[in-house]
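Trainee: okay, here's the prediction I keep looking at, along with the sequence it came from:
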Amino acid sequence: PAGFDLPEINPLDHQIALARGSTMALDTTRTRLQAVKSARRRSVPETPEDKRQLWEQQERENQFYEHYLHIFLNTTAVAIKVSQELSLLQLFEPEVNLAGHPRVWEAAQKLRDALRQVREREAVAEYEWKKQWSMPRMGMPSTRWI
C-alpha cells in the first residue's frame, strides 16, 4: 500500500525463519501476505485460537526487545555517569594530570564491569530466545547474533 513502510528484515528474522518461526517483519513480506490471502479460510473456533497464538508470539517478541532496550539504557547510564565524573574532575581540578589518576582507573573499571554485565545479560536473552524457537545453542553466545 502507498505510504506504508514494511519493517526491515534483519539477520535475527532470518535465524527465526530457519527455525520455522516467524516475526512481524517476516509476516508482512509480500510473499507471505499473498500466501495468507490465498490460504483456506479459518473456521470460527480456529480464529480466536490463532489470534491468541499470534498475540502470545508478539508478546514474547516485544518482551525480548524490551529486555534489550533495558540493557542498552543501563549501559548508556553507566557511560554517562562515568563521563560526567571525569568531566567534573577535569573541570574542578584542571591542573591534575589524568594519566594514571585513580579516578580514571575507577572509571575504566566501572565501564569494564558494565560491559561484563551486558555480555551476561545478552547471553541470557540469547539463550531464552533460542530456546523459545528450539534453536540449538552452539558454544558460547555470539557477540553479534542480534
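Mentor: Yes, it's here. Predicted model only: the values in this text are computed from it and were never measured.

Trainee: what does the pLDDT read for residue 139?
Mentor: Looking at residue 139, its pLDDT is 54.

Trainee: no no, residue 144
Mentor: Looking at residue 144, its pLDDT stands at 54.

Trainee: and if you look at residue 5?
Mentor: On pLDDT, residue 5 comes in at 62.

Trainee: and residue 86, by the same measure?
Mentor: You'll see residue 86 listed with a pLDDT of 89.

Trainee: roughly how far apart are it and residue 102?
Mentor: Relative to residue 102, residue 86 is positioned 12 Å away (CB to CB, to the nearest Å). C-beta here means a position set from N, CA and C on the backbone, and glycine is covered the same way.

Trainee: so for these two, which sits in the more crowded spot?
Mentor: Legend: neighbour count by other CB atoms under 10 Å for residue 86 and residue 102, higher for residue 86 (16 against 7).

Trainee: which non-adjacent residue is nearest the more buried one?
Mentor: Distances taken as CB to CB, 6 or more residues apart in numbering place residue 107 nearest to residue 86, at 5.6 Å, with adjacent residues excluded.

Trainee: show me the helices in the chain, by range?
Mentor: Assigned helices in the chain, in chain order: 11-18, 24-27, 30-38, 46-92, 102-132 (criterion: DSSP state H).

Trainee: lowest-confidence helix or strand of the chain?
Mentor: Taking mean pLDDT, DSSP states H and E as the measure, the chain has helix 30-38 as its least confident helix or strand, at a mean of 66.

Trainee: ok, now how distant is the residue of the chain most remote from its centre from residue 107?
Mentor: For the chain, the residue at maximal distance from the C-alpha centroid (CA atoms, centre = their mean) is residue 95, at 42.7 Å. Remark: distance between residue 95 and residue 107 (CB to CB) = 19 Å.

Trainee: residue 70 now?
Mentor: Noted for residue 70: a distance of 23 Å to residue 107, by CB to CB.

Trainee: neighbour count for the two, which is higher?
Mentor: For residue 70 and residue 107, the more surrounded residue by other CB under 10 Å is residue 107, and the numbers stand at 20 against 12.
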